[in-house]
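[1] Take a look and give me a structure for this.
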Amino acid sequence: MKILLDECIPKDLKKFLKVSGYSLTFTVRDINLAGYSNGTLLNKCDEKGFNVLITVDRGMKHQQIFDNRRVSLVQIVEPASNAFDDLQPFLSGLLKILGNIQEGQIYDVHADPLYDSDL
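    The predicted structure is shown next:
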């Protein structure tokens, strides 16, 4: 599976995903796609064979049409910030979604209500 992390996602998530077995994980900066509009970025994802785009951008799924797209959008829903520490409660849900991803779909990842930051 080939995964792209949107500009708003910290690069520490790339490290986490690689350690979790998703070795083909890239940031938009890694492949010179930083600064593109959402629509253009999604088109580039399809062109370059990405299966998943991960974002915290709340507007992307409402502003873009996903009919006939190969790339799936995974949106991390309402983290406190886009800092990696604030994404921790979402990581188990993210891995579950990635394990069952289907082409051209939109997925929301919510915080795990049982997550305990003190562990």
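[2] Quick one: the strands in the protein, in order.
    Secondary structure of the chain (DSSP state E): strands at 2-5, 24-27, 52-55, 72-76, 106-109.
[3] Adjacent strands (with direction) for the first one?
    The reference is to strand 2-5. The pairing partners recorded for strand 2-5 under DSSP bridges are strand 24-27 (parallel), strand 52-55 (parallel).
[4] From the rest of the structure, what touches that strand?
    11, 13-14, 17, 22, 24-28, 31, 33, 45, 48-54, 71, 98 (Cβ atoms under 8 Å, 6 or more residues apart in numbering). C-beta coordinates here come from the backbone N, C-alpha and C atoms, glycine included.
[5] for the third one, same thing?
    Counting by Cβ under 8 Å, 6+ apart, strand 52-55 makes contact with 1-6, 8-9, 13, 41-42, 45, 71-76, 94, 98, 101, all of which sit outside it.
[6] Mind checking which of the residues you listed are buried?
    Buried members of the contacts of strand 52-55, counted by 16 or more other Cβ atoms under 10 Å: 3-6, 9, 13, 41-42, 45, 71-76, 94, 98.
[7] Single out the most deeply packed of the strands paired with strand 2-5.
    When those are scored by mean count of other Cβ atoms under 10 Å, the highest mean neighbour count falls to strand 52-55 (a mean of 24).
[8] Could you pull up the mean pLDDT of that strand?
    In this model, strand 52-55 has a mean pLDDT of 95.
[9] same question, stretch 79-94
    93.
[10] What residues sit buried inside it?
    Residues 79, 82, 84, 86-87, 89-91, 93-94 are the ones in stretch 79-94 that count as buried (16+ other Cβ under 10 Å).
[11] ok, and what's touching it?
    The contact list for stretch 79-94, computed with Cβ under 8 Å, 6+ apart, reads 8-10, 12-13, 16, 54, 56, 74, 76-77, 109-112, 115, 117.
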